[in-house]
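A.B. asks: Sequence plus the predicted model coming up.
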Amino acid sequence: MTPKELKQILQALVEHGVSELTLETPDYKLTVRRGGEVQVVSVPQVQAPILAAPPEVPAPTPPAPAAPAAGPQPQAKAEPQDDCPGCVEVRAPIVGTFYRAPAPDAPPYVKEGDRVEKGQVLCIIEAMKLMNEIESEVSGIVKKILVENGEPVEYGQPLFLIQPV
């Protein structure tokens with residue numbers, strides 16, 4: 001069948017108001033339907049279980065500020081707390097877990113009352129399986145340790161109070 005013959009068949013259907021035609025030959029079978037109703041096939045839908053209450057979604061928390069990749073982080077700040085005038089706060093340069101010693105069975109790096117030198121390791125903060133040594137920015141005496149061993153710390157959180165000497 002040529003396109004011209006098919007066009008003639010379709011035109012004849014329109015002219016005579018025929019809504020359906022089936023034409024069979026040894027080579028092909030042609031069925032043409034025109035107008036009429038559209039059949040709607042419904043697909044069964046899977047029903048979700050009914051919950052007593054909608055699940056609560058916690059509000060997103062803002063991400064902690066990321067530390068710059070290069071350059072030294074300021075760890076000490078000359079803002080003393082009320083109970084230690086003149087003391088320097090050593091703050092957490094990263095978010096992580098605070099450890100006072102290099103290993104669970106090792107003695108702590110420093111204790112309250114210890115004298116420390118600038119650059120001396122005070123603690124470790126573990127972040128993403130990396131152990132980051134936190135060093136003192138000043139020489140002085142450790143007046144107060146503000147964080148418990150194994151406690152999570154936030155960026156900028158005060159860790160130690162050191163009285164400069």
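C.D. replies: Nice, thanks for sending it over.
A.B. asks: Beyond the least confident helix or strand in the chain by mean pLDDT, next helix or strand please.
C.D. replies: With mean pLDDT, DSSP states H and E as the measure, the helix or strand of the chain carrying the lowest mean pLDDT is strand 76-77 (a mean of 46). In the C-terminal direction, the helix or strand that comes right after strand 76-77 (DSSP states H and E) is strand 88-91.
A.B. asks: Give the other helices and strands that that next one contacts.
C.D. replies: Helices and strands in packing contact with strand 88-91 are listed as strand 76-77, strand 158-164; criterion 3 or more Cβ pairs under 8 Å, 6 or more residues apart in numbering; DSSP states H and E. Glycine gets a C-beta too; all of them are placed from N, C-alpha and C.
A.B. asks: list the helices and strands the last one packs on?
C.D. replies: In other words, strand 158-164. With contacts defined as 3+ Cβ pairs under 8 Å, 6+ apart, the packing partners of strand 158-164 are strand 88-91, strand 121-127, strand 140-145.
A.B. asks: Go again with 6 Å.
C.D. replies: When contacts are defined as 3 or more Cβ pairs under 6 Å, 6 or more residues apart in numbering; DSSP states H and E, strand 158-164 sits against strand 88-91, strand 140-145.
A.B. asks: Can you list the buried residues in it?
C.D. replies: P158, L159, F160, L161, I162, Q163 (16 or more other Cβ atoms under 10 Å).
A.B. asks: Return the set of residues that bridge with the last one.
C.D. replies: On the basis of DSSP bridges, Q163 is bridged to I141.
A.B. asks: can you pull the pLDDT of it?
C.D. replies: Confidence at Q163, expressed as pLDDT, is 96.
A.B. asks: residues near E15, how many?
C.D. replies: Other residues near E15 number 8, with proximity taken as other Cβ atoms under 10 Å.
A.B. asks: Pull up the gap between it and S139, please.
C.D. replies: Applying Cβ to Cβ, to the nearest Å, the value for E15 to S139 is 106 Å.
A.B. asks: F98 now?
C.D. replies: For F98, the distance to S139 (Cβ to Cβ) stands at 22 Å.
A.B. asks: These two - which one has more neighbours?
C.D. replies: More neighbours surround F98 than the other of F98 and S139, with 21 against 14 (other Cβ under 10 Å).
A.B. asks: so what's the more buried one bridging to?
C.D. replies: Judged by DSSP bridges, the bridge partners of F98 are I125.
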